[in-house]
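[1] I would like to see how this sequence folds:
(chains A and B)
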Amino acid sequence: MSQYVFCALKSAFLPIPSPNQESRIKNQESRNKKQEKMPDKYSMEDFLAKAVDAAKIAGEVIKHGFYQTKQIEHKGEVDLVTETDKKCEDLIFYHLKQQFPEHKFVGEETTAACGATELTEEPTWIVDPLDGTTNFVHGFPFVCVSIGLTIGRIPTVGVVYNPIMDELFTAIRGKGAFLNGKAIKVSSQTELVKALLATEVGTKRDKATVDETTNRINSLLFKVRSVRMCGSCALNLCGIACGRLDLFYELGFGGPWDVAAGAVIVTEAGGLVFDPSGKDFDITSQRVAASNPLLKGAFIETLKQSE
Amino acid sequence: MLNVKGNSSNRQTSATRSFFSPNLIAPFSRNALMAAKGSMEELLSAAVDAAKNAGEIIRFGFHETKHVEHKGVVDLVTETDKKCEEVIFDYLRSKYPGHKFIGEETTAACGITELTDEPTWIVDPLDGTTNFVHGFPFVCVSIGFTIGRIPTVGVIYNPIMDELFTAIRGKGAFLNGNPITASTQTELVKSLLATEAGTKRDKSTLDASTNRINSLLFKVRSLRMSGSCALNLCGVACGRLDMFYEVGFGGPWDVAAGAVIVTEAGGLVFDPSGKEFDLTSQRVAASNSLLKNAFVEALQHEE
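    Presented below is the predicted three-dimensional model:
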């Protein structure tokens, strides 16, 4: 409720500048934009450090709530949200906005409350405060905080933290990917039949979607070693990055917050993130696939054949 | 309550039958049974030690490159599986030379040992071998102990996540020493279901698997596939999963320990058809007691 009121008030009280003021403001904005595209005030390491702090603060809240009875609301028939989701998003936004007030913020729960914010070239924090809410509700230990930073719409910093298994995945573009501070890389598997595939059943339960999902899984099971479904898109991407999974795809997940951090982490671990059709990855498309570079071709081919 | 084929569902009656019926048990075995009866805690303790020893080996090998052999197209075994079985058997045999032993890898090598009423250790030295090979952290040692063919002691240890599940018949179930109970979920549509793709890749098995999953997805909250039958049973026991079924898994070693743990946590273990659970059938279902009927009904729908 408070988030909705904040959004409404923000829109209502923007000042109206005079023509001279307008021209000065535009020039200043243009200079600011250039600065923001290449922020020299902060380093990437600063961004990462603050994101890790925020993830750990939210992680404490998740850990505390993990074994309690949860008050659950439904965003859809099987799409859940809890007080913990909302509280974590508030905490993360508050922490990062304090440090970086000029940055933009896109969060799963704020979007649910206020509607989608367009992704621009501005430095933008894209946050899923609790990925794997169903797991959280049931006490299944695959839950995480996912915090990604895009600059020029490119995922540039990524933090995914599972506070139950105490696994912190981090990456900065160009600087490698890490699990609890140790360098990670994707698997070196070359054969589909020896590959471990992850996917999810998602939250849509209409017949067409469910039939398509299980037909696809059926088709893939003839070609891969086995299938895993663990309930967190961000952690599946991290699984690819550290080599414990070889292939991952998901269609129709919630939004860019599920993939923004994971995309950097996979890429920096030497993996590829792409659209399941084989085209370029689009962070806002609610479609993702990931694998090591050796498997990508065969994987896309198999996904096409399974349609 | 554990409904084991051939025994009544009344725990006390079946225990009495097993321990004191002269028609069922040979004299040598009766001595072993009497000795075992007084020391369930010792049996558990020995199983925990054996599981932890094997757990060390698994943990050590987890991040290394594995030399993988194939028992089937996607049914894997490694040196770690074999070494763990050796270590567990050596340890338990040294303490209980009169007991019987059934292990996954020994069975693969030497053929099936019949399950009798004798005190029998039923061991999966590494459940989730595919996960082990890939470094996916759902792996465990599973050590079950049956008396009169009834799962009586169960130990399941995931050395990567450091989770030790234990149970003795009649004495509750525990995770790292803390008591656990199955979930209290009453509605199928709010339930988290686990199953597995299994290791058979013929068309009829795969089609049956995915048709079943398709049917169930309209009725449950969501689906998990984590790659370890024993850990799925533990998931039901500690309430992080509401329902689990699997057909066509390897053998009794996948379920012997988990069956005790689920039962002692207040859950039910049964055949997916709703009939009594048969330890050697390679079929299992488990849930809390409130969901069983709806679950069995949902499982029948698409067969």
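[2] What is the least confident helix or strand in chain A?
    Using mean pLDDT, DSSP states H and E, helix A:2-12 stands out as the lowest-scoring helix or strand of chain A, at a mean of 47.
[3] quick one: average pLDDT of the lengthiest helix in chain A?
    With secondary structure taken from DSSP state H, chain A has its longest helix at helix A:44-66. The average pLDDT for helix A:44-66 rounds to 96.
[4] next one: it to chain centre, how far?
    Relative to its chain's centre, helix A:44-66 lies at 14 Å (Cα atoms, centre = their mean, to the nearest Å).
[5] Now the element after it, going C-ward?
    Toward the C-terminus, helix A:44-66 is succeeded by strand A:72-74 as the next helix or strand (DSSP states H and E).
[6] Pop out the phi and psi values for residue 145.
    All of this is about chain A. The phi and psi values for A:Val145, taken as degrees, to the nearest 10, are phi -100, psi 140.
[7] how many other residues sit next to it?
    Neighbour count for A:Val145, taken as other Cβ atoms under 10 Å in any protein chain shown: 31. Just so you know, the C-beta spots here come from the backbone N, C-alpha and C atoms, and that holds for glycine as well.
[8] And it, how close does it get to chain B?
    19 Å (Cβ to the nearest Cβ, to the nearest Å).
[9] pLDDT value on that residue, please?
    Per-residue pLDDT puts A:Val145 at 98.
[10] distance of the residue nearest to A:His103 when sequence neighbours are not counted from chain B?
    Leaving aside its chain neighbours, A:His103 sits nearest to A:Pro123 (4.7 Å; criterion: Cβ to Cβ, 6 or more residues apart in numbering or on different chains). Taking Cβ to the nearest Cβ as the measure, A:Pro123 falls 34 Å from chain B.
[11] Check A:Pro123 and give its pLDDT.
    At A:Pro123, pLDDT is 96.
[12] same thing with A:Ile25?
    54.
[13] Equivalent analysis for B:Lys5, please.
    35.
[14] And the next helix or strand past the helix or strand where B:Val87 lies?
    According to DSSP H and E, B:Val87 maps onto helix B:79-95. Per DSSP H and E, helix B:79-95 leads on to strand B:100-103 as the next helix or strand towards the C-terminus.
[15] was I right about A:Ala289 contacting A:Gly271?
    No. Using Cβ atoms under 8 Å, A:Ala289 makes no contact with A:Gly271, being 10.6 Å away.
[16] For the chain, which segments count as helices?
    Picked chain A for this. For chain A, applying DSSP H gives helices covering A:2-12, A:19-37, A:44-66, A:83-99, A:108-114, A:133-138, A:207-221, A:233-241, A:260-268, A:296-305.
[17] other chain: chain B
    B:11-20, B:27-37, B:40-62, B:79-95, B:104-110, B:129-134, B:203-217, B:229-237, B:256-264, B:292-300.
[18] What are the buried residues along the fourth one?
    This means helix B:79-95. For helix B:79-95, burial by neighbour count (16 or more other Cβ atoms under 10 Å in any protein chain shown) applies to B:Thr80, B:Asp81, B:Lys82, B:Lys83, B:Cys84, B:Glu85, B:Glu86, B:Val87, B:Ile88, B:Phe89, B:Tyr91, B:Leu92.
[19] returning to that earlier point: now mean neighbour count and distance to B:Ala194 too, for the helices of chain A, in CSV please.
    Formatted as CSV, these follow (neighbours: other Cβ atoms under 10 Å in any protein chain shown; distance: least, Cβ to Cβ, whole Å):
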stretch, mean neighbour count, distance to B:Ala194
helix A:2-12, 11, 35
helix A:19-37, 11, 46
helix A:44-66, 19, 19
helix A:83-99, 19, 23
helix A:108-114, 20, 26
helix A:133-138, 24, 11
helix A:207-221, 17, 15
helix A:233-241, 30, 17
helix A:260-268, 30, 24
helix A:296-305, 17, 25
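[20] In TSV: the ones you listed, plus distance to chain B.
    Below are those laid out as TSV (distance: least, Cβ to the nearest Cβ, whole Å):
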stretch	distance to chain B
helix A:2-12	27
helix A:19-37	39
helix A:44-66	10
helix A:83-99	16
helix A:108-114	18
helix A:133-138	5
helix A:207-221	4
helix A:233-241	7
helix A:260-268	16
helix A:296-305	15
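[21] which stretch among these comes nearest B:Ile160?
    With Cβ to Cβ, the closest approach to B:Ile160 among the helices of chain A belongs to helix A:233-241: 13.7 Å.
[22] any chance of the helices of chain A in a markdown table, plus distance to B:Leu76?
    Formatted as a markdown table, the helices of chain A follow (distance: least, Cβ to Cβ, whole Å):
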| stretch | distance to B:Leu76 |
| --- | --- |
| helix A:2-12 | 49 |
| helix A:19-37 | 49 |
| helix A:44-66 | 32 |
| helix A:83-99 | 38 |
| helix A:108-114 | 38 |
| helix A:133-138 | 27 |
| helix A:207-221 | 16 |
| helix A:233-241 | 19 |
| helix A:260-268 | 25 |
| helix A:296-305 | 20 |
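[23] how about these, which one is nearest B:Lys292?
    Proximity to B:Lys292, assessed across the helices of chain A by Cβ to Cβ, is greatest for helix A:133-138 (18.1 Å).
[24] if we look at that closest one, which residues are touching it?
    Residues external to helix A:133-138 that are found in contact with it (Cβ atoms under 8 Å, 6 or more residues apart in numbering or on different chains): A:62, A:65-66, A:70, A:72, A:78, A:80-82, A:84-85, A:130, A:140-143, A:230-232, B:183, B:192, B:221-222, B:239-242.
[25] If we use 7 Å, what do you get?
    Applying Cβ atoms under 7 Å, 6 or more residues apart in numbering or on different chains, the external contacts of helix A:133-138 come out as A:62, A:66, A:70, A:72, A:80-82, A:84-85, A:130, A:142-143, A:231-232, B:192, B:221-222, B:240.
[26] Likewise for stretch B:264-281?
    Residues from elsewhere that reach stretch B:264-281 (Cβ under 7 Å, 6+ apart): B:1-5, B:115, B:149, B:151, B:167, B:169, B:171-173, B:180-182, B:236-238, B:245, B:247, B:252, B:255-256, B:259, B:262-263, B:283-289, B:292, B:296, B:299.
[27] which residues does A:Leu237 contact?
    A:Phe248, A:Val259, A:Gly262, A:Ala263, A:Ile265, A:Val266, A:Ala290.
[28] whoops, I mixed them up, A:Ala298
    A:Leu192.
[29] With B:Leu76 instead?
    Applying Cβ under 7 Å, 6+ apart to B:Leu76 gives the contacts B:Val68, B:His70, B:Thr129, B:Thr130, B:Val133.
[30] What subset of the residues you listed is buried?
    The neighbour count (16+ other Cβ under 10 Å) marks B:Thr129, B:Thr130, B:Val133 as buried among those.
[31] Now do the contacts for the first one.
    It refers to B:Thr129. Neighbour list for B:Thr129: B:Leu76, B:Val77, B:Thr78, B:Asp81 [criterion: Cβ under 7 Å, 6+ apart].
[32] quick one: the last one and B:Glu196, what's the gap?
    With the distance defined as Cβ to Cβ, to the nearest Å, B:Asp81 ends up 18 Å from B:Glu196.
[33] Pick the one among the contacts of B:Thr129 closest to chain A.
    When the contacts of B:Thr129 are compared for distance to chain A (Cβ to the nearest Cβ), B:Leu76 wins out at 8.4 Å.
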